[in-house]
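Participant: Below is the sequence, then the predicted model.
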Amino acid sequence: MIQTAVTIAIICLALSMLALVYRIIKGPTLPDRIVALDAVGVNIVGIVALICIKVDTTAYVEFILLFGILAFIGTVAFSKYLEKGVIIDHDRDR
Amino acid sequence: MIEIANIIIVLFIILGAFFHLIAALGVLRLPDVYTRNHAASKAATLGVLCILLATFFYFYFHESEFNTRVLLCIVFMFLTAPVAGHLLGRAAYHHGVKMEGSKVDEYEEYIKVKKSNEPKKYEAYKKKLEKNL
């Protein structure tokens, strides 16, 4: 029962990732693309958690944690770039 | 016992996949960045919470292993997702993306008053806001 549900869920997540990739390619503005990229990161975390159940191992759990952190840092860097045009700046005013 | 656990796990997995599909649908169909960001940051976070909880329950009931790292993943996701959503919304506004179908922009006025560096103007603006409340 669990194996069937996991397979269905992986297919659903793959379909949703397809939709997000469409938004990344098409997205009219740059922030649209970054929002979709952020959602793709969350999607990858979900897929890896499902694969953990599917192959019955806890080896990929560290990957989930690490990828969550990396996706968050990437989103923060992108949004700083959008707001100011630089990622690392020298004035500590804001 | 294990059958009930299986039903709970399957329920959480299907719920998580459903929320992920809704998030993707929102990103695909909604009209502008702010609504898309709303769909992506809320629905996708709930979906990933459901799937990670299912993973935790699976390892707890089938392998009798209390996996703390999965719980840590849940906590971390819930800490970072709202922050990332807020930062993206702010960055989109400062990048100059207009809201679809709305002509009122009160934040623009606030930024103008704040950037003008005149305390009197700022106080007057604050008083006006409080009166409107």
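Facilitator: Sure thing, it's come through.

Participant: Any idea which residue is closest to the centre of chain A?
Facilitator: For chain A, residue A:41 is the residue whose C-alpha lies nearest the centre (C-alpha atoms, centre = their mean; 0.6 Å).

Participant: and it, what element?
Facilitator: Secondary-structure element containing residue A:41, defined by DSSP states H and E: helix A:30-55.

Participant: mind listing what's buried in that helix?
Facilitator: Buried positions in helix A:30-55, judged by neighbour count with 16 or more other C-beta atoms under 10 Å in any protein chain shown: A:30-50, A:52-53. Where you see a C-beta, it was placed from the backbone N, CA and C, and this is true even at glycine.

Participant: residues near residue B:37, how many?
Facilitator: Here the count is done by other C-beta atoms under 10 Å in any protein chain shown, and residue B:37 has 26 residues near it.

Participant: correction: residue B:63
Facilitator: Counted with other C-beta under 10 Å, the burial measure for residue B:63 works out to 12 neighbours.

Participant: ok, now which ones touch it?
Facilitator: Neighbouring residues of residue B:63 by C-beta atoms under 8 Å, 6 or more residues apart in numbering or on different chains: residue A:58.

Participant: mind giving me the domain split of chain B?
Facilitator: Per the record, chain B has its domains at B:2-101, B:103-133, by automatic domain parsing.

Participant: residues in contact with the residue in chain B that chain A sits nearest to?
Facilitator: Using C-beta to the nearest C-beta, the closest approach of chain B to chain A is made by residue B:24 at 3.3 Å. Taking C-beta under 8 Å, 6+ apart, we find residue B:24 in contact with A:15, A:16, A:17, A:19, A:20, A:39, A:43.

Participant: Apply the buried test to those and list what passes.
Facilitator: If you count burial by 16+ other C-beta under 10 Å, the buried members of these come out as A:16, A:17, A:19, A:20, A:39, A:43.

Participant: near chain B too, which of those residues?
Facilitator: Restricting these to those within reach of chain B (C-beta under 8 Å from any C-beta of the partner chain) leaves A:16, A:17, A:19, A:20, A:39, A:43.

Participant: quick one on the thing from earlier: pLDDT for the buried ones among the contacts of residue B:24 - can I get that in CSV?
Facilitator: Converted to CSV, these look like this (pLDDT from 0 to 100):
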residue, pLDDT
A:16, 92
A:17, 92
A:19, 91
A:20, 91
A:39, 90
A:43, 92
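
Participant: Considering those residues, which is situated nearest to residue B:90?
Facilitator: Residue B:90 has its nearest neighbour among those in residue A:39, at 17.7 Å by C-beta to C-beta.

Participant: Which residue is the nearest non-sequential neighbour of that closest one?
Facilitator: Leaving out its chain neighbours, the residue that sits closest to residue A:39 by C-beta to C-beta, 6 or more residues apart in numbering or on different chains is residue B:40, at 4.0 Å.

Participant: what about the one you found, helix or strand, and which?
Facilitator: Secondary-structure assignment from DSSP H and E places residue B:40 in helix B:33-62.

Participant: If we ignore the residues flanking it in sequence, what's nearest the closest residue to chain B within chain A?
Facilitator: Checking chain A residue by residue against chain B with C-beta to the nearest C-beta singles out residue A:16 as nearest, at 3.3 Å. Using C-beta to C-beta, 6+ apart and skipping the chain neighbours, the partner closest in space to residue A:16 is residue B:24 (3.3 Å).
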